[in-house]
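for reference, the sequence and a predicted model appear below.
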Amino acid sequence: MGESSVIWLRVAAGLYSLGLIDAVITVLRRSASLFRIALGAFAIGALFQLVSIVEQGLAQGQCPVTDIFETMSFCAFIITVSFLAIYYRYKAASLSVFIFPLVFVMTLVGALRSPVSTWTNPSIRNAWLITHIVFALLGYAALLFTAAAAVVYLVQERQLKRKTSNAIYKMLPPLGTLDELISKSLGAGFAFITIGIVIGSIWAFVEMGTRWIGESSIAISFVTWAVYLALVFFRVSAGWRGRKTAILSIVALLCCLLTWVEHAKLGRFSQ
Amino acid sequence: MKLLVAGLSHKTAPVDLREQLAIPEGTLPRTLQELQKLGASEAVVLSTCNRVEFALSSPDDVEPGSIIDRFFADWRGSGLSGAFDGHLYRLEAREAIQHMFRVAASLDSMVVGEPQILGQLKAAYAVAKSEGTVGGLLETVMTKAFNVAKRVRSETGIGQMAVSVSYAAVELARQIFGSLKGHTVLIIGSGKMGELAAKHLRRSGANRILVTNRTWERAEEMAKTFDGRAVEYSQFQSILHEVDIVISSSGAPHYILTRDDMQRVIRQRRNKPIFLIDIAVPRNIDPAVNEIEGVILKDVDGLEGVVSANIQERTRQAEAAEKIVLEEVDRTMAKLRVEEIAPTIVSLQGQLEEIRAAEVIRTLRRMPGLTAEQVAQIEIMTKSIVNKIAHGPISELRRNAGQPEGSVVIEAIRRVFRIE
């Protein structure tokens, strides 16, 4: 496994992270102010990734899809190129909310393959782990708010539609306020969870070397993150409100619960 | 004096009939004059979007019903009068008074308790006053009606619960959008209630008002009063996705917004909620749109439901209000009857006094030798006899005035004493 190809891949991941920041800003502020820059960084990142893949392929004398890391990177590259092509053709900017974070995390996973020397200092290791846990929990909390607000939104809309209304609707917040709360908590939660998962992946990579990718708790974390990502995407691009948001946010919340349970088993690592 | 209220309201006639009979403000004085010419002693005409009513009084020997018959026959040609058969109501005497009290207290309104009707009634009274067509029985009843309305408002919660359609619209809009700032309102048609609702929404922060109307001039005129923008009627569907609140009060006889229309709009809005208020009768918006996610539709009944969050409470308040009205009707009737028997009492006393005076003179002529003191004694004695005789019938008259069977007793007394 070529050292330099990993370095190119890490540079690409760094560039893709701009896309992630753009996605979060889009969700929170509902304005795509960083989109142009992120798109540029994305294109350059794709070049670095291409270099990395070609170098790896030449070194191995075959297409570099031999393990999960290479496959991830390869996949991310295909998605990136497809997105750039679709964007060029259809100007489908709203897709970026979904694509940018996805490509970033996939590339990051791909870049975490060649083992590095283990922790130089146990206190750094612990600080790293605590940071991961704090961000993940902040993300869960935000998701809880999202799900609760989404359910209340559903109830409130029903109440408002009723012909003979009782006074319940007066006790619930207005739909507009709930909508605002859902957007804000969803954006913040997504940012927290993404940071949490990145830190967690790096920690696991340092801790376990290439073995980390096979852990069930990590796999389930990625699934949770993907559900979160889908929620963000449908919300921003398709304007999901009401029933669909409520259902998907509850699914995401259940995934979080599963992840948490799995991580409780993982407790042994931190000892 | 005889009293009559005739007319039609939202309870008895559809909008298109009410519209035909509606009397524009400018022609009110002429209508009042006409009623007086036909024989009415007094006349008041109330014309709002929910009712057209004529209240009149006439001398005892004139049937007020015949005045109104002739009025309808003369007015706008005889071809029209047939269309109102079965929609017109006529109330006389006690029932007329009760009706006027109920209207003033907003118990007969489409949105029970809404305060606008009292103002409209006062305006109608003011026109009649300035035309000199009130000043007697009808005036007494009307001023009493204003007092009754005040009493109902202060003693029951009916006013707080149902302020009006526009109030309910704002209340609901707040519950949907939170703050109304930066939201867009579209008014379709030129109904009075729609205009009021839009005014309230604007005052509550909705700063962009669009107006559309089949008649472009009317749309422009209304847009000016709201500082808004007029939209071509044929174009309004295409801007619907920019609108957060739609108030529809057009006179269209069919649905102008269908389920398909709204499905398209909500897609364009990316599921952002839209609030539709349909205060038109017949309705302008297909009720099925309420099933679409993100669309909240309220018609007049629905808005009413909002204000009267608690139906039972509302019924209780309405019952209390009706009780007040009945009480006041009884009191007014009693007062009117007391006024009615006053002439009887005066003539009774006059007649007895006449007999007494004549008999005293005759007796004194036959007895010339009496001293001044003796004459005075005779005067006192006869007066007290007459007073004692009169006491019975007069107190019976007073006691029976305003009673259900009172008029029989009063009539009997009049006959017994030969009072014409």
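Right, received. Where do you want to start?

can you point out the buried residues in the helix or strand containing residue A:221?
Secondary structure from DSSP states H and E places residue A:221 in helix A:216-238. Residues of helix A:216-238 classed as buried by neighbour count (16 or more other CB atoms under 10 Å in any protein chain shown): A:217-218, A:220-222, A:224-225, A:227-229, A:231-237. All C-beta atoms are positioned from the backbone trio N, CA, C, and that covers glycine.

what's the answer for stretch A:4-22, then?
In stretch A:4-22, counting by 16+ other CB under 10 Å, buried: A:5-6, A:8-22.

distance from the centroid: which residue in chain B tops it?
residue B:369 (70.9 Å; CA atoms, centre = their mean).

what sits against it?
Applying CB atoms under 8 Å, 6 or more residues apart in numbering or on different chains, we find residue B:369 in contact with no residue.

could you look up the SS state of it?
Secondary structure, DSSP: H, G, I helix; E, B strand; the rest coil: residue B:369 is coil.

show the pLDDT at it.
Residue B:369 carries a pLDDT value of 86.

before we move on, the earlier item: just the CA trace of the helix holding residue A:221, in CSV.
Written as CSV, here are the backbone C-alpha positions of helix A:216-238 (Å, rounded to 0.1, in the frame of the first residue of the first chain):
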residue,chain,number,x,y,z
SER,A,216,-20.4,-3.8,14.2
SER,A,217,-20.7,-0.8,16.4
ILE,A,218,-18.9,1.3,13.9
ALA,A,219,-20.9,-0.1,11.0
ILE,A,220,-24.1,0.8,12.8
SER,A,221,-22.9,4.3,13.5
PHE,A,222,-22.4,4.8,9.8
VAL,A,223,-25.9,3.5,9.1
THR,A,224,-27.3,6.0,11.7
TRP,A,225,-25.3,8.8,10.1
ALA,A,226,-26.7,7.8,6.7
VAL,A,227,-30.3,8.0,8.0
TYR,A,228,-29.5,11.4,9.5
LEU,A,229,-28.1,12.4,6.2
ALA,A,230,-31.2,11.3,4.3
LEU,A,231,-33.3,13.2,6.7
VAL,A,232,-31.3,16.4,6.2
PHE,A,233,-31.4,15.8,2.4
PHE,A,234,-35.1,15.3,2.1
ARG,A,235,-35.8,18.2,4.3
VAL,A,236,-33.6,20.7,2.4
SER,A,237,-34.2,19.5,-1.1
ALA,A,238,-37.7,18.3,-1.1
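
show the average pLDDT along that helix.
85.

any stretches of the stretch 51-200 of chain A with poor pLDDT?
For the stretch 51-200 of chain A, the stretches flagged by pLDDT under 70 are A:114-120, A:164-168.

which SSE is the residue in it positioned nearest to chain B in?
Going by CB to the nearest CB, chain B is nearest to residue A:176 of the stretch 51-200 of chain A, at 3.5 Å. Using DSSP H and E, residue A:176 sits in helix A:175-208.

any buried residues in that helix, and which?
Neighbour-count burial for helix A:175-208 [16+ other CB under 10 Å]: A:175-179, A:181-208.

now do stretch B:233-247
Buried, per 16+ other CB under 10 Å, within stretch B:233-247: B:233, B:236, B:239, B:240, B:243, B:244, B:245, B:246, B:247.

surely the fifth one and residue B:188 touch.
No. With contact defined as CB atoms under 8 Å, residue B:243 does not reach residue B:188; the gap is 10.1 Å.

for residue B:328, which three-state class applies?
On the three-state scheme (three-state DSSP), residue B:328 is labelled helix.

ok, it - contacts?
Contacts of residue B:328 by CB under 8 Å, 6+ apart are B:101, B:144, B:147, B:148, B:151.

now chain A against chain B: closest residue?
residue A:239 (2.8 Å).

quick one, what contacts that residue?
Residue A:239 neighbours (CB under 8 Å, 6+ apart): B:269, B:270, B:271, B:272.

hey, where'd the helices end up in the stretch 51-200 of chain A?
Using DSSP state H, counting those that start in this stretch, the helices of the stretch 51-200 of chain A run over A:68-90, A:96-111, A:122-161, A:168-171, A:175-208.

please, where are all the strands along chain B?
Along chain B, counting by DSSP state E, strands occupy B:2-9, B:42-47, B:51-58, B:89-92, B:184-188, B:208-213, B:229-232, B:245-248, B:274-278, B:295-299.

where are the low-confidence patches of the stretch 251-400 of chain B?
For the stretch 251-400 of chain B, the ranges with pLDDT under 70 are B:281, B:301, B:304-314.

where exactly do the helices run in it?
B:259-268, B:300-307, B:311-366, B:372-400.

give me whichever of those is most buried.
helix B:300-307 (a mean of 21; mean count of other CB atoms under 10 Å in any protein chain shown).

now do the same contact list for the most centrally placed residue in chain A.
In chain A, the residue lying closest to the centroid (CA atoms, centre = their mean) is residue A:194, at 4.6 Å. Going by CB under 8 Å, 6+ apart, residue A:194 touches A:20, A:24, A:101, A:105, A:139, A:225.

in a helix, the first one, correct?
Yes. Assessed with three-state DSSP, residue A:20 lies in a helix.

and it, what is it in contact with?
A:100, A:101, A:104, A:194.

the first one and residue A:202, how far apart?
Residue A:100 sits 19 Å away from residue A:202, taking CB to CB, to the nearest Å as the criterion.

now swap in the third one and tell me
Distance of residue A:104 to residue A:202, given as CB to CB: 13 Å.

and the chain, what are its domains?
Went with chain A since none was named. A:1-114, A:120-271 (automatic domain parsing).

think we crossed wires, I meant chain B
If you go by automatic domain parsing, chain B breaks into B:2-162, B:165-307, B:333-416.

could you give the mean pLDDT of the first one?
When pLDDT is averaged over domain B:2-162, the result is 82.

ok, back up a step: quick one, which of the helices of the stretch 251-400 of chain B is nearest to residue B:93?
helix B:311-366 (8.3 Å; CB to CB).

what angle do that closest one and helix B:372-400 make?
160 degrees (axes from the mean of the first three to the mean of the last three CA atoms, to 10 degrees).

how far is helix B:311-366 from where the chain is centred?
Its chain's average C-alpha position is 27 Å from that of helix B:311-366, according to CA atoms, centre = their mean, to the nearest Å.
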